[in-house]
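[1] What shape does this take:
(one chain, ligands or ions: 3)
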Amino acid sequence: MVETEALFSAVLDATADAVMVTDRAGMIRRVNLAFGKLTGFEPAALIGKDARELFSEINDTEFLGELWDEALTPRNYPKVRSKHADGRAQVHALSMTSVNDQNGQPSQFVAVILSDSFQTDAGGGQARQMGHDALTGLPDRSILADRVGQNILNAKRANKSIALLVMGLDRFTLINDALGYAAGDQMLKEVAERLAKVIRVSDTAARLDGDKFAVMTPISAIDDSVIVAEKVLNAMKKPFHLKGEEVFITFSIGISIYPTDGLDFDDLLKDSLSAMQYAKHDGGSQYRFFASDMNAKAKNRLALEKRMRAALANEEFVLFYQPKVEPKTNRVRGAEALIRWIDPVHGMISPGEFIPVAEETGLIVDIGTWVMRKACFQVKAWQDAGYAPIKMSVNVSSMQFKAKDLLDKVKLALSDSKLDAKWLELEITESMLMNDVESAIARMQAVRDLGCGLSIDDFGTGYSSLSYLGRFPITTLKIDRAFVKDVQENPNTAEIARAIIGLSRGLNLEVVAEGAELQEHIDFLKDNGCDSIQGFFYSKPLDAKAFEAKLTRP
Ligand code: C2E
Ligand code: MG
Ligand code: MG
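    Ligands and ions are numbered 1, 2, ... in the order given. Below you'll find the predicted structure:
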């Protein structure tokens, strides 16, 4: 069975035609490498997405409805349009077939796009679709309205929110006046391209009119919309090259949220436009929420960022260490370094509060460097004091892991502290690896080549496919505490925990469980062969002095 699956994957990935499998509802269940190439998206990132999202911006929804219904009998479509990750439209021939379940009901659909059939949709002229802006090729206001409407329906059902960001260039008329309309058009086109690059598959970017653009994005927290706004502002920071000149522009962004600010597209648009005007009046190059208390929250974030910078300079960060215990011997075999912020006014602040903000602002890179050095020096000091050596794990954030100088920083921390690389382990999460799997693997290998361990943290909560796992040059899997917390009473959780331990065995990886709080957790993990266990049952994270008391002599 496993062999058939592997064979099936290999065959799929070897074929040059793009293949997509969806379920009855049109959710993507599987795509091959060629499909990823065709659409410009990482295959893993497409799983679970609505297939219509890839096609519907250019084809009207009715056509897609038909496509799915008619696929009950195999059919070929000579001309179908799809959307590339970079916003480009492309045309190709597509054939659809359905696969029936035991009851003869269609349960899955297979779409094949013939490799020699696709070409870029030139836009404009005949190929240009109604509803798309002629200059930039982005969806126009009517399509945006339609997409917002659809997303409101989904959000209502799932109890979720949507953000509508409206953005206008600051002082665009100056550019038109100084460089002429052709240069102005050129700039708008490039703005559209940059915009298309920063949004996710589930988002829609549109051109409203003149210098006004919009992005609709489904969100699960208000912060998500801030992230999009900051991404957009950042994307526009690089100079534009117009008529041999470097031109800098800025954007003002207004944000409204469904359902708090409005219940339909018209209301949301009105709110976003008015918020954008406020952003412009306040000097431009910034975002504003329609709801004023949101602005207060955004301001808090800015204040937090400022305080964090100061905290780094004033050494207000400390590291706590949580023991990893080998259940067979009850001895401490390792530690995870966990950062704490001791703010003179607010007291101890947990990483859950400031790490996400540090990530978005880029401050995480400096904080991470500090953590890495501190942890290396500490574990070496314990070795020098004569304790049995333990392995030190350090959490590495996504931005840190992708930074060009990661390796240099690790090397320097090791050489300055004189710590042997084998006592250092980096903890990364699955989600950091899936966007660009190939380059992530190269990075992981480079870390391993230094001699450090590499662990996947919170394993089981991300969306990594098991087929990748075997290719990741890791040393350790860390079972997320979600699969530990109720093993004693939930047979499903227990089965998953057992499977992860078994998987680690098969792949020759060390397996660590986190979040063990009860004797039952320890018994279960020990009986099932877990190498080490971290959790409140043994100890909460401790400061260096308290941790030292747990160490043993060889
Ligand atoms: P994580 O890496 O998964 O760390 C484990 C978290 O689980 C820690 O929370 C730890 O205190 C908590 N924990 C340990 N045992 C138990 C238990 O038995 N029950 C429960 N309920 N919780 C337990 P903490 O210290 O608040 O850290 C939270 C997250 O913040 C970490 O999750 C990690 O993702 C991040 N973080 C912490 N320190 C750093 C750091 O230096 N750099 C980066 N980039 N992220 C960090
Ligand atoms: Mg961790
Ligand atoms: Mg964890």
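
[2] And the pLDDT for the nearest residue to residue 156 once chain neighbours are set aside?
    In this structure, residue 156 finds its nearest non-sequential neighbour in residue 259, 7.9 Å apart by C-beta to C-beta, 6 or more residues apart in numbering. (Each C-beta comes from the backbone N, C-alpha and C, glycine too.) Note on residue 259: pLDDT of 93.

[3] Flag the shaky bits of the stretch 201-350 of the chain, pLDDT-wise.
    By pLDDT under 70, the stretch 201-350 of the chain contains no weakly predicted segment.

[4] quick one on the thing from earlier: thought the residue nearest to residue 156 was touching residue 159?
    No - at 9.7 Å, residue 259 does not count as touching residue 159 under the criterion of C-beta atoms under 8 Å.

[5] Give me the more crowded residue out of those two.
    Applying other C-beta atoms under 10 Å to residue 259 and residue 159 shows that residue 259 carries more neighbours, namely 15 against 7.

[6] Please identify the helix or strand for residue 309.
    Residue 309 belongs to helix 292-313 when assigned by DSSP states H and E.

[7] For the stretch 51-200 of the chain, which segments are assigned as strands?
    Secondary structure of the stretch 51-200 of the chain (DSSP state E, counting those that start in this stretch): strands at 75-83, 89-100, 106-113, 119-120, 161-169.

[8] how near is residue 374 to ligand 1?
    According to C-beta to the nearest ligand atom, to the nearest Å, residue 374 stands 9 Å off from ligand 1.

[9] what's in contact with whichever strand or helix holds residue 415?
    Element membership of residue 415 [criterion: DSSP H and E] is helix 406-417. Residues outside helix 406-417 that contact it (C-beta atoms under 8 Å, 6 or more residues apart in numbering) are 369, 372-373, 376-377, 380, 396, 400, 403, 419-421, 424, 426, 443, 446-447, 450, 452.

[10] just the buried members of those?
    369, 372-373, 376, 380, 396, 400, 403, 419, 421, 424, 426, 443, 447, 452 (16 or more other C-beta atoms under 10 Å).

[11] Tell me how this protein divides into domains.
    Domain ranges of the chain: 2-121, 141-290, 301-545, per automatic domain parsing.

[12] which one of those lies closest to ligand 3?
    Nearest to ligand 3, of all the domains of the chain, is domain 301-545, at 4.3 Å by C-beta to the ion.

[13] related to what we said a few turns ago, now intersect the contacts of helix 406-417 with the helices, please.
    Counting by DSSP state H, the part of these found in helices is 369, 372-373, 376-377, 380, 400, 443, 446-447.

[14] pLDDT check: weakest of these?
    residue 400 (91).

[15] Could you give the number of residues near the single nearest residue of the stretch 51-200 of the chain relative to ligand 1?
    Proximity to ligand 1, evaluated over the stretch 51-200 of the chain using C-beta to the nearest ligand atom, is greatest for residue 200 at 22.3 Å. Number of residues near residue 200 (other C-beta under 10 Å) recorded here: 16.

[16] so what's the closest residue to it other than its chain neighbours up against?
    For residue 200, ignoring the flanking residues on the chain, the nearest one in space by C-beta to C-beta, 6+ apart is residue 217 at 7.2 Å. With contact taken as C-beta under 8 Å, 6+ apart, residue 217 is in contact with 162-163, 165, 199-200, 202-203, 224-225, 228.

[17] From those, list the buried ones, please.
    With neighbours counted by 16+ other C-beta under 10 Å, the contacts of residue 217 contain buried members at 162-163, 165, 199-200, 203, 225, 228.

[18] Can you show me the CA trace of the helix or strand where residue 322 lies as PDB?
    Assigned by DSSP H and E, residue 322 falls within strand 317-326. In PDB, the C-alpha atoms belonging to strand 317-326 read as follows (Å, rounded to 0.1, in the frame of the first residue of the first chain):
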ATOM      1  CA  PHE A 317      15.900  40.000  28.200                       C
ATOM      2  CA  VAL A 318      16.900  36.900  30.200                       C
ATOM      3  CA  LEU A 319      17.000  33.200  29.200                       C
ATOM      4  CA  PHE A 320      15.100  30.600  31.200                       C
ATOM      5  CA  TYR A 321      15.900  26.900  30.700                       C
ATOM      6  CA  GLN A 322      13.500  24.000  30.700                       C
ATOM      7  CA  PRO A 323      15.000  20.600  31.300                       C
ATOM      8  CA  LYS A 324      14.600  17.700  28.900                       C
ATOM      9  CA  VAL A 325      14.600  14.600  30.900                       C
ATOM     10  CA  GLU A 326      15.400  11.000  29.900                       C
END
